[in-house]
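K.L.:
Build the 3D model from these lines:
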Amino acid sequence: MEELCKINADGTTIMLVTHDAKVAAKCSRVLYIVDGNIQGEYNLEGSDERTKERALNNWLLEQGW
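P.N.:
Model (predicted):
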């Protein structure tokens with residue numbers, strides 16, 4: 001993840017598929033997809049990783065994850 005974050009910081013767009021909320025919390029934008037359809041989009045803001053992960057987990061639970 002550190003290498004992907006560095007590449008992204010240099011201006012390269014990265015699309016990552018994961019079922020791990022900790023990994024997703026390192027991203028700036030998360031799409032929640034069910035059966036190939038986008039069910040929701042969440043933009044992560046803030047600098048504290050724990051806060052971002054907690055907010056993402058709450059949002060995912062609201063989406064029915």
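K.L.:
Find the residue at the geometric middle of the protein.
P.N.:
Against the mean C-alpha coordinate of the chain, by C-alpha atoms, centre = their mean, the closest residue is residue 24 at 3.3 Å.
K.L.:
so where does the closest residue to that one other than its chain neighbours fall, helix or strand?
P.N.:
Nearest-residue entry for residue 24: residue 30, 5.2 Å, with adjacent residues in sequence omitted and distances by C-beta to C-beta, 6 or more residues apart in numbering. For the C-beta atoms, the positions are set from N, CA and C on the backbone; glycine is no exception. Counting by DSSP states H and E, the element that carries residue 30 is strand 29-34.
K.L.:
hang on, isn't residue 43 packed against residue 28?
P.N.:
Yes: counting by C-beta atoms under 8 Å, a contact exists between residue 43 and residue 28, whose distance comes to 6.7 Å.
K.L.:
Just the helices from this protein, written as ranges.
P.N.:
Secondary structure of the chain (DSSP state H): helices at 2-9, 21-24, 49-63.
K.L.:
With mean pLDDT and distance to residue 35 added, can I get those in a markdown table?
P.N.:
A markdown table is the format used below for these (pLDDT from 0 to 100; distance: least, C-beta to C-beta, whole Å):
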| stretch | mean pLDDT | distance to residue 35 |
| --- | --- | --- |
| helix 2-9 | 92 | 27 |
| helix 21-24 | 90 | 19 |
| helix 49-63 | 90 | 13 |
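K.L.:
And the ones you listed: which comes nearest residue 15?
P.N.:
Minimum separation from residue 15 across those (C-beta to C-beta) falls at helix 2-9, 10.5 Å.
K.L.:
Go through stretch 57-65 and flag the buried ones.
P.N.:
Burial within stretch 57-65, assessed by neighbour count using 16 or more other C-beta atoms under 10 Å, is assigned to 59, 60.
K.L.:
what's the nearest residue to residue 49 once chain neighbours are set aside in contact with, if anything?
P.N.:
With C-beta to C-beta, 6+ apart as the criterion, residue 49 has its nearest non-adjacent residue at 6.3 Å, and that residue is residue 25. Contacts here follow C-beta atoms under 8 Å, 6 or more residues apart in numbering; on that basis residue 25 touches 44, 49, 52, 53, 56.
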